[in-house]
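Colleague: Here is the input, now give the coordinates:
(chains A and B)
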Amino acid sequence: MDSHHSYSQVKGVSTGTTILAVKFNGGVIIGSDSRASMGESYVSSKTINKLIQVHDRIFCCIAGSLADAQAVTKMAKFQLSFHSIQMESPPLVKAAASIMRELCYNNKEELQAGFITAGWDRKKGPQIYVVSLGGMLLSQPYTIGGSGSTYIYGYVDAKFKPDMSLEEATQFSTNALALAMGRDNVSGGVVHLVVITEAEVKHVVVPGNKLPKFHDE
Amino acid sequence: MREGAVNRYTLKNAGLFQPNFGAKKWTNPSTTIIAVTFDGGVVLGSDSRVSAGESVVNRVMNKLSPLHDQIYCALSGSAADAQTIAEIVNYQLDVHSIEVEDDPLVCSAATLVKNISYKYKEELSAHLIVAGWDRKKGGQVYATLNGLLSRQPFAIGGSGSFYINGFVDAEYRKNMTRRESQEFVVNALTLAMGRDDSSGGVAYVVTIDKDGAEEKCVLGNELPTFFDE
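Modeller: As a prediction, this is how the structure comes out:
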């Protein structure tokens, strides 16, 4: 995700944020912090959920202008449910990501939001797609985004392993988000994680006092 | 103030994560530097890229500059400003050590750097990390961003340091051995060089303890590789 975009240009409420998604053996975990800010010094919400369900096994998380993100995801949710009725089967994760990409690319002048789409489908199993600000679509085994993500590039590059177990992946995500929240002043609050597998979707919330602590805390 | 976070504060005022955004000061913050204390000394590390705009003008520059036998500084920011500060302090430290008839303290070297950085803070745009070993306090690391003087267990600086904030927070432990700190420094530099386009080349590592300073250069193909390489 293009994290060099200057978030100080976003007007109104923005999710200066940290979001991530990681593939593990059998599913994906998608996670985020919970802070929404207006400008750099006002926290407009401490407990916002940035993980939006667009279909049974497909979730999206948003970075950038909250208004733009909500508008796009609402549209995508509608188009996706229509598409899945037409196809008479659950939609592919790639289909969901493509819908977001079309919306972002065709409206690139007006919109200022980037997305991570992650989920499970029967064709390819767990997948993660990134739709960046201008409308580029990329598939990756793990990805991070939002203003806080710059601080954890080194950490996720060093610590990610393909085919982790659920526990390892949960620890990896929680650590990464906690580290980013510790350094980025527009990310914070609690950690929201959603674990998506073939069998179920589980929402885990890690409150502030249960977050991992590092050497100087 | 959180340790190791010194570089963030001024860059935040200059426009968040785009050091070139607006402020004239941060026109070429092209580097990653790091210094870490271990049980018995310090390890300093830097990348070797100097860029002017989009082109790399020197791909093998050693940014670890000696201030005295057992005190080194790591340069970041404008290459010209940083080198000049290092030369001036080198001279001042020589004079000082003759006057006191003893090896200078790391704290003195850091204070001399801080004095110049603070007095000329409007004109200069360089951040030096000063680290070394002296008989009084052993291994020490000082960050001197923009005229502040702060002693820390480790310090990172330069444009590449943003990307490794999470990594160094998670991986740093007190009282590492010499070997572990060298690995920590090389890993951190490699990760930063992998994500920051204005850091790259080879990794220079200097280890300073009571026996002196040991310089080492880790070439590109000897750097550790991570998942996607």
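
Colleague: who touches the longest helix anywhere in chain B?
Modeller: Scanning chain B for the longest helix, with DSSP state H as the assignment, gives helix B:79-100. Outside helix B:79-100, the residues within contact range by C-beta atoms under 8 Å, 6 or more residues apart in numbering or on different chains are B:28, B:50, B:61, B:63, B:65-68, B:71, B:73, B:75-76, B:103-104, B:108-109, B:112-113, B:116-117, B:124-128. Quick note: C-beta positions are derived from backbone N, CA and C, even for glycine.

Colleague: any idea of the mean pLDDT in it?
Modeller: Helix B:79-100 shows a mean pLDDT of 94.

Colleague: and it, C-alpha only, in CSV?
Modeller: Extracted in CSV, the C-alpha atoms of helix B:79-100 (Å, rounded to 0.1, in the frame of the first residue of the first chain):
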residue,chain,number,x,y,z
ALA,B,79,26.2,14.8,3.8
ALA,B,80,28.1,18.1,3.7
ASP,B,81,26.7,19.4,7.0
ALA,B,82,27.3,16.1,8.8
GLN,B,83,30.9,15.7,7.6
THR,B,84,31.7,19.3,8.6
ILE,B,85,30.3,18.8,12.1
ALA,B,86,32.3,15.6,12.4
GLU,B,87,35.5,17.3,11.3
ILE,B,88,35.1,20.2,13.6
VAL,B,89,34.3,18.0,16.6
ASN,B,90,37.3,15.8,15.8
TYR,B,91,39.5,18.8,16.1
GLN,B,92,37.9,20.2,19.2
LEU,B,93,38.1,16.7,20.9
ASP,B,94,41.8,16.5,20.1
VAL,B,95,42.4,19.8,21.8
HIS,B,96,40.3,18.9,24.7
SER,B,97,42.1,15.6,25.2
ILE,B,98,45.5,17.3,25.3
GLU,B,99,44.2,19.8,27.8
VAL,B,100,42.9,17.1,30.2
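
Colleague: Please identify the buried residues of it?
Modeller: Across helix B:79-100, burial judged by 16 or more other C-beta atoms under 10 Å in any protein chain shown covers B:79, B:81-82, B:85-86, B:89-90, B:92-93, B:96-97.

Colleague: Then stretch B:191-210?
Modeller: B:191-196, B:198-209.

Colleague: mind listing which of those residues are in strands?
Modeller: Judged by DSSP state E, the buried residues of stretch B:191-210 include B:203-209 as members of strands.

Colleague: so can I have TSV of those showing distance to chain A and pLDDT?
Modeller: Converted to TSV, these look like this (distance: C-beta to the nearest C-beta, whole Å; pLDDT from 0 to 100):
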residue	distance to chain A	pLDDT
B:Ala203	14	95
B:Tyr204	19	96
B:Val205	17	96
B:Val206	21	97
B:Thr207	21	97
B:Ile208	22	96
B:Asp209	22	94
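
Colleague: Pipe those residues into a markdown table and attach distance to A:Ser81 per row.
Modeller: What follows is those, written out as a markdown table (distance: C-beta to C-beta, whole Å):
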| residue | distance to A:Ser81 |
| --- | --- |
| B:Ala203 | 52 |
| B:Tyr204 | 57 |
| B:Val205 | 56 |
| B:Val206 | 61 |
| B:Thr207 | 61 |
| B:Ile208 | 64 |
| B:Asp209 | 65 |
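
Colleague: Now A:Arg183: phi and psi?
Modeller: Note on A:Arg183: backbone dihedrals following degrees, to the nearest 10 are phi -110, psi -30.

Colleague: Can you get me a residue count around it?
Modeller: A:Arg183: 20 surrounding residues under other C-beta atoms under 10 Å in any protein chain shown.

Colleague: any idea of the mean pLDDT for stretch B:107-115?
Modeller: Model confidence over stretch B:107-115, given as mean pLDDT, is 95.

Colleague: chain center to that stretch: distance?
Modeller: 14 Å (C-alpha atoms, centre = their mean, to the nearest Å).

Colleague: what does stretch A:104-115 give?
Modeller: 16 Å.

Colleague: cool, stretch B:170-177 as well?
Modeller: 18 Å.

Colleague: now do stretch B:47-59
Modeller: With C-alpha atoms, centre = their mean, you get 17 Å for stretch B:47-59.

Colleague: which residues of chain A fall in strands?
Modeller: A:13-15, A:19-24, A:27-32, A:36-38, A:42-45, A:51-55, A:58-65, A:113-121, A:125-131, A:137-139, A:142-145, A:191-197, A:201-206.

Colleague: Using PDB, write down the CA coordinates of the longest one.
Modeller: Once side chains and other backbone atoms are set aside, the C-alpha atoms of strand A:113-121 remain, and they are given as PDB (Å, rounded to 0.1, in the frame of the first residue of the first chain):
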ATOM      1  CA  ALA A 113      -8.800   5.500   0.500                       C
ATOM      2  CA  GLY A 114      -6.900   2.300   0.200                       C
ATOM      3  CA  PHE A 115      -8.200  -1.200   1.000                       C
ATOM      4  CA  ILE A 116      -7.000  -4.600   2.000                       C
ATOM      5  CA  THR A 117      -9.500  -7.400   1.100                       C
ATOM      6  CA  ALA A 118      -9.000 -10.800   2.600                       C
ATOM      7  CA  GLY A 119     -11.000 -13.900   2.800                       C
ATOM      8  CA  TRP A 120     -11.500 -17.500   2.000                       C
ATOM      9  CA  ASP A 121     -13.100 -19.000  -1.100                       C
END
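
Colleague: what lines up beside it in the sheet?
Modeller: strand A:58-65 (antiparallel), strand A:125-131 (antiparallel) (DSSP bridges).

Colleague: Cool, thanks, signing off.
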